[in-house]
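> have a look; sequence and predicted model below, questions after that.
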Amino acid sequence: MFVHVDPQLFLRRPFLGVMLGTVSLVMWIVLFGILFREYRGFGEAPAPVDLKTIAPPAENHGKWVRVDQPLVVHCDLGIQELNDLPERWIFGRVANTFFIAGIEGSNRNLLLVYDRDATCEDGKRWPMKGVLQEINSRRRSYLSGERFVIPPTADMQRSVDEGPASSRRLMLLGSFLPVLSLVRIVRFWPKWRMQVRQAETAAAFGTVNNPRGF
């Protein structure tokens with residue numbers, strides 16, 4: 001769903017353009033900082049882990065791992081998240097694919113996340129790299145809304161397609177967004193200051209010409 005904003009609105013009220021640019025700049029800086037902090041925490045190589053015993057890293061503190069343990073992928077418990085029609089032209093039909101996988105020798109389960117169209121066979125290939133973290137509440141709520149049952153024994157997710165390379169790509173692609181915010185601020189700041197000076201001048205002349213305010 002697209003929301004149309006009349007460009008003339010910012011020309012009439014440049015303060016809104018300055019505010020929008022400032023808010024978006026702060027937002028991009030915060031998001032970039034979160035992404036960069038997680039990227040720095042990945043290390044030079046994926047760490048081998050034991051899925052039976054590892055405590056799932058907290059959200060935004062994902063751990064880049066290599067898993068050598070065979071997984072039992074429940075192919076009947078897979079689900080795909082589809083892109084909206086405009087996004088399909090650029091990114092393809094499928095946005096994400098999810099599978100529930102069991103860990104051999106354990107009653108623990110794992111949520112496999114692919115940022116693409118994946119098959120059940122993809123989940124059976126190992127060793128497998130990816131970013132491991134706890135299943136956050138947003139993901140659990142979304143999948144529950146799609147009637148995707150996450151077993152109580154599944155407390156962590158592994159984003160198979162994520163890692164340092166994907167983080168670098170996101171930081172590179174997102175580096176132009178703060179620039180756009182700065183351009184918006186620089187564009188509308190002089191117009192807003194001019195409006196303020198005009199209002200101050202008008203108020204001052206009004207007071208001089210009519211000191212009693214009648």
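Sure thing, it's come through. Computed from a predicted structure; not experimentally measured.

> just the helices in the protein please.
Assigned by DSSP state H, the helices in the chain fall at 8-12, 14-42, 85-91, 137-145, 164-174, 176-209.

> can you pull the contacts of residue 107?
The contact partners of residue 107, taken as C-beta atoms under 8 Å, 6 or more residues apart in numbering, are residue 153. C-beta: built from backbone N, CA, C; applies to glycine.

> actually residue 31, not the one I wrote
The contact partners of residue 31, by C-beta under 8 Å, 6+ apart, come to residue 174.

> and the residue nearest the centre of the protein?
residue 31 (8.0 Å; C-alpha atoms, centre = their mean).

> report the separation between that one and residue 92.
Computed as C-beta to C-beta, to the nearest Å, the residue 31 to residue 92 distance reads 24 Å.

> direction included, what does the strand ranked longest in the chain pair against?
The longest strand of the chain (DSSP state E) is strand 71-82. Take DSSP bridges as the rule and strand 71-82 pairs in its sheet with strand 94-103 (antiparallel).

> who touches the partner strand?
By C-beta under 8 Å, 6+ apart, the list of residues contacting strand 94-103 reads 51-52, 69, 71-75, 77-83, 87, 108-118, 120, 123, 143, 148, 150-151, 154.

> what is the mean pLDDT for that strand?
Strand 94-103 carries an average pLDDT of 90.
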